[in-house]
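J.: Curious how this folds, go ahead:
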Amino acid sequence: MLNLQLYIEGKEVDLFKDESVTLTQSLQDVKDIEKVFTDFSRTFSVPASRANNKIFGHFYNYHIVGDSAFDARKKITAKLYLNYELFKEGKVKFEGATRKDNKAHTYRITFFGNGVNLKDIMGDDNLKSLPLLKESFNFTYNDTNIKQYLKDGLDVTVNGTTYPDAILFPLISHSKRLVYDSGSTQGNTDKQNNIAYVNGSSFGLQLSQLKPALRVYPIIKAIEQAYGITFSTDFFSDTNEPFYNLYLWLHNKTGGLFEDEGNESPVGNFVLSQSNSNGAVLDLYDNYFVTPQADQRGKEARTQRTLDVTIFPSISSAFSFIIYKDGIVFEEYKDVTATSGSYAINGLNIDAGRYTFAIDTGTASTYNLNFYVKRRNNTNTGYRRAFFTGSTSVLSGVQLRASNQLPEIKVLDFITSLFKMFNLTSFQNSDGTVEVKTLDSFYSTSTKIWDITKFVDKSESSVDTVLPFKQIDFGYEGLDNFFAKNHLELFDKNWGTENYTSIDISKIEGETYKVSIPLEHFKYERLKDVNGGLFKDLLWGWSADIKQEPNLGKPLLFYPILSTQDIGVIDSSGNLDIQTDVFIPSNSVRLTDSKNLNFSAEPNEYLGTPFKKTLFFRILRKLYKRNI
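T.: This next block holds a predicted model:
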């Protein structure tokens, strides 16, 4: 028989002897894939015994105040044991107390496991708020680099870790249609680019039609850094090809990269001045600070902080200074200028949070900054203060920062999309690592067989109905791009979606089981030479709607594949050059039958034959072939 023990801050809690407690721990609800971050929780009623009254400070008695009072506003550390074997570590939230006959009777508490509740820690943060992406993933935007990253991605090194091919340019145009005509009958117009290379011609791919893409792997690493999470490498690994080869297209507005684009550069290189600092005020990092310090409690943590900033620009032109708190704009000083060589902000009240800073200007320039954060000391007779310096540079028109181009999507929505696409599940192990695995691999990790025969009550049994679904739909929300929309009009079916229905759906009771991914899903086109009709080794994507107008759409994930094929490119000065290799976008990992991002086995855009290694194809057939 299993007996439950509950300890709160090391003290054992008395439990009712005649009350049964059901323990349930859920990793993933197969009927609701969104519930992949469910954590263990359980509400208890415990007696108001002498021992429990001490733990909860006689909460039922409102006359008790002072140090012995119990603060029900805070969760406190706790542990659950089964037969004195540790089952779960976590925290307890006090719910209330009841009295009978004017005497204390019970306390109600809820135990929460230490699992990661991503919604609580990520909130409404967007991808572009992740510090790692704001700091390090940038490059000089010029013709030479674009042509290079069309065939060989940019390696980015951060704190000794190198991310190979972190940024590249795929053959996806944001506005104009691409054609291939080696016979020169079609040229470049305001609506199209002929990308065939013909020596001496005036047509080719305009490099300004392209936007970069960022590998998803460093995005996951940026999420880990920002929220203090460690994901396991079961799925989020550089050896897992379907994940590691995945890229996010940096497209957050219709049209070109720099149309109505600011040039925001984060401030970093923070250095604390020991001689001008004298106390516990903040935790300082290379490009942000957190206040109050993690180890501060009580009055010193609650004392108001103030911030002074002095900015020394290299130019006299106007600039904007932005202060972010927890990734959201806290204060913005727009179009300010330096007087006598500096611009100062004094006495700005700041509350608890994580603070980062940025400069935005349209002129190439550098900036040195002095920061001064202070608070009253505990005796109110002086100040504790921290003085540190920082710097940044802004290169107008040529410095492209990946974070500025990230599509608008919340961090939680992005990572949940990956879980839904690849059928992932997660849980936090005893080391605090969030283990992320496909549901199949999670089930297959245990090979131990448990014989429960002697525990089964055979006196009665019941047989329930089949799963209560008459239809199953898997697909993407973003299907308004030209080729996907055209696919619907031609075949009366959404591109890449999977639908299962009963033979006679009108006579079957049940609901529709639907998984909808809040991402864009492109159908790509293989280019054919108008001159001769032969297919080229090229796939391309078009961010246009059915009217062939530029389209924003939702965030796009794809696989880039390097193809050897000559195309013509036109640089910013109008010069023609030949490009012999190019990254083409694909929904499949390779151009042979390989794992792909479709839910249904669509004809591959390159080969024209169905690729069957879809996201959920085999799982669906196994689960529902008897019921639908």
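J.: how about the strands of the stretch 301-450 of the chain, start to end?
T.: Per DSSP state E, counting those that start in this stretch, the stretch 301-450 of the chain carries strands over the ranges 305-313, 319-325, 328-336, 343-350, 353-360, 365-376, 383-394, 399-401, 424-428, 434-438.
J.: Now mean pLDDT too, for those, in JSON lines please.
T.: Listed next are the strands of the stretch 301-450 of the chain as JSON lines, based on pLDDT from 0 to 100:
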{"stretch": "strand 305-313", "mean pLDDT": "95"}
{"stretch": "strand 319-325", "mean pLDDT": "94"}
{"stretch": "strand 328-336", "mean pLDDT": "94"}
{"stretch": "strand 343-350", "mean pLDDT": "96"}
{"stretch": "strand 353-360", "mean pLDDT": "93"}
{"stretch": "strand 365-376", "mean pLDDT": "91"}
{"stretch": "strand 383-394", "mean pLDDT": "90"}
{"stretch": "strand 399-401", "mean pLDDT": "80"}
{"stretch": "strand 424-428", "mean pLDDT": "82"}
{"stretch": "strand 434-438", "mean pLDDT": "88"}
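J.: is it possible to export those strands to TSV including mean neighbour count and distance to Asn126?
T.: (Each C-beta comes from the backbone N, C-alpha and C, glycine too.) Shown next, in TSV, are the strands of the stretch 301-450 of the chain (neighbours: other CB atoms under 10 Å; distance: least, CB to CB, whole Å):
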stretch	mean neighbour count	distance to Asn126
strand 305-313	19	24
strand 319-325	19	12
strand 328-336	13	9
strand 343-350	13	22
strand 353-360	20	14
strand 365-376	20	25
strand 383-394	18	21
strand 399-401	21	15
strand 424-428	22	22
strand 434-438	20	21
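J.: out of the ones you listed, nearest to Ser49?
T.: strand 424-428 (32.2 Å; CB to CB).
J.: Minimum distance to Leu80: which of the strands of the stretch 301-450 of the chain has it?
T.: Of all the strands of the stretch 301-450 of the chain, strand 424-428 comes closest under CB to CB, at 14.8 Å.
J.: Ok, which of the strands of the stretch 301-450 of the chain comes nearest Tyr247?
T.: Per CB to CB, nearest to Tyr247 of the strands of the stretch 301-450 of the chain: strand 399-401, 16.0 Å.
J.: Show me what that closest one is packed up against.
T.: Under the contact criterion of 3 or more CB pairs under 8 Å, 6 or more residues apart in numbering; DSSP states H and E, strand 399-401 touches strand 138-140, strand 264-266.
J.: Just name the shakiest helix or strand of this protein by mean pLDDT.
T.: helix 617-624 (a mean of 51; mean pLDDT, DSSP states H and E).
J.: Setting aside sequence neighbours, what's the nearest residue to Ala72?
T.: Excluding the flanking residues, the one nearest Ala72 by CB to CB, 6 or more residues apart in numbering is Phe94, at 4.1 Å.
J.: neighbours around the one you found, how many?
T.: 21 (other CB atoms under 10 Å).
J.: got a list of what the most centrally placed residue in the chain touches?
T.: Closest residue to the average C-alpha location of the chain: Val411 at 3.4 Å, with CA atoms, centre = their mean. The contact partners of Val411, taken as CB atoms under 8 Å, 6 or more residues apart in numbering, are 122, 125-127, 129-130, 223, 226.
J.: and if we set it to 10 Å?
T.: 118, 121-130, 219, 222-223, 226-227, 327 (CB atoms under 10 Å, 6 or more residues apart in numbering).
J.: Pop the domain breakdown of this structure in here.
T.: With domains defined by automatic domain parsing, the chain comprises 4-115, 264-396.
J.: Which one, of the ones you listed, ends up nearest to Ile146?
T.: Among the domains of the chain, domain 264-396 sits nearest to Ile146 (CB to CB), with 15.8 Å.
J.: Lowest average pLDDT across the domains of the chain?
T.: Mean pLDDT per stretch puts domain 4-115 lowest among the domains of the chain, at a mean of 76.
J.: Shouldn't the residue nearest to Ala72 be within a strand?
T.: Yes - counting by DSSP: H, G, I helix; E, B strand; the rest coil, Phe94 is part of a strand.
J.: List the beta-bridge partners for it.
T.: Legend: beta-bridge partners of Phe94 under DSSP bridges are Ile109.
J.: these two touch, right, it and Asn52?
T.: No - using CB atoms under 10 Å, Phe94 makes no contact with Asn52, being 11.4 Å away.
J.: Next one: the residue nearest to the centre of the chain from Thr614, what distance?
T.: Val411 sits 27 Å away from Thr614, going by CB to CB, to the nearest Å.
J.: Which parts of the chain are helices?
T.: With DSSP state H, the ranges of helices along the chain come out as 50-55, 118-122, 131-136, 143-149, 216-227, 241-244, 298-302, 402-405, 411-422, 439-444, 482-491, 617-624.
J.: out of the ones you listed, nearest to Val271?
T.: Closest approach to Val271 among the helices of the chain (CB to CB): helix 131-136, 15.8 Å.
J.: Give me the packing partners of the closest one, helices and strands only.
T.: strand 154-158, strand 161-168, helix 216-227, strand 264-266, strand 268-272, strand 353-360, strand 399-401, helix 402-405 (3 or more CB pairs under 10 Å, 6 or more residues apart in numbering; DSSP states H and E).
J.: If we use 6 Å, what do you get?
T.: helix 216-227, helix 402-405 (3 or more CB pairs under 6 Å, 6 or more residues apart in numbering; DSSP states H and E).
J.: sorry, back to before: let me have the helices of the chain in TSV, adding distance to Ile167 as columns.
T.: Formatted as TSV, those follow (distance: least, CB to CB, whole Å):
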stretch	distance to Ile167
helix 50-55	55
helix 118-122	24
helix 131-136	11
helix 143-149	6
helix 216-227	9
helix 241-244	15
helix 298-302	40
helix 402-405	6
helix 411-422	18
helix 439-444	30
helix 482-491	25
helix 617-624	32
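J.: now the strands for the stretch 1-150 of the chain?
T.: 4-8, 11-13, 41-47, 76-82, 85-100, 103-113, 138-140.
J.: wait, which of the ones you listed is closest to Asp464?
T.: The nearest among these, by CB to CB, is strand 41-47 at 25.4 Å.
J.: Just send the helices and strands packed on strand 399-401 back as TSV, with distance to Arg590 too.
T.: Below are those laid out as TSV (distance: least, CB to CB, whole Å):
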stretch	distance to Arg590
strand 138-140	27
strand 264-266	37
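J.: Out of these, which one sits most buried?
T.: strand 264-266 (a mean of 21; mean count of other CB atoms under 10 Å).
J.: who touches that strand?
T.: 134-135, 358-360, 392, 394 (CB atoms under 6 Å, 6 or more residues apart in numbering).
J.: if we can go back for a sec, would you mind finding the most buried of the helices and strands packed on helix 131-136?
T.: Highest mean neighbour count of the helices and strands packed on helix 131-136: helix 402-405, a mean of 22 (counted as mean count of other CB under 10 Å).
J.: list the helices and strands that one packs on?
T.: Using 3+ CB pairs under 6 Å, 6+ apart as the contact test, the elements touching helix 402-405 are helix 131-136.
J.: His521: what's it in contact with?
T.: 476, 496.
J.: quick one: pLDDT of it?
T.: On the pLDDT scale, His521 is placed at 98.
J.: Roughly how far does it sit from Val589?
T.: From His521 to Val589 the distance is 16 Å (CB to CB).
J.: which stretches of the stretch 451-600 of the chain aren't confidently modelled?
T.: Along the stretch 451-600 of the chain, segments meeting pLDDT under 70 span 466-467, 502-507.
J.: go on, the stretch 101-250 of the chain?
T.: Low-confidence segments of the stretch 101-250 of the chain (pLDDT under 70): 114-117.
J.: Kindly recompute the last result at 50.
T.: Along the stretch 101-250 of the chain, no part satisfies pLDDT under 50.
J.: any chance of the domains of the chain in CSV, with distance to Ser202 too?
T.: Shown next, in CSV, are the domains of the chain (distance: least, CB to CB, whole Å):
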stretch, distance to Ser202
domain 4-115, 52
domain 264-396, 29
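J.: So which of those domains is nearest Lys458?
T.: That would be domain 4-115 among the domains of the chain, by CB to CB, at 22.0 Å.
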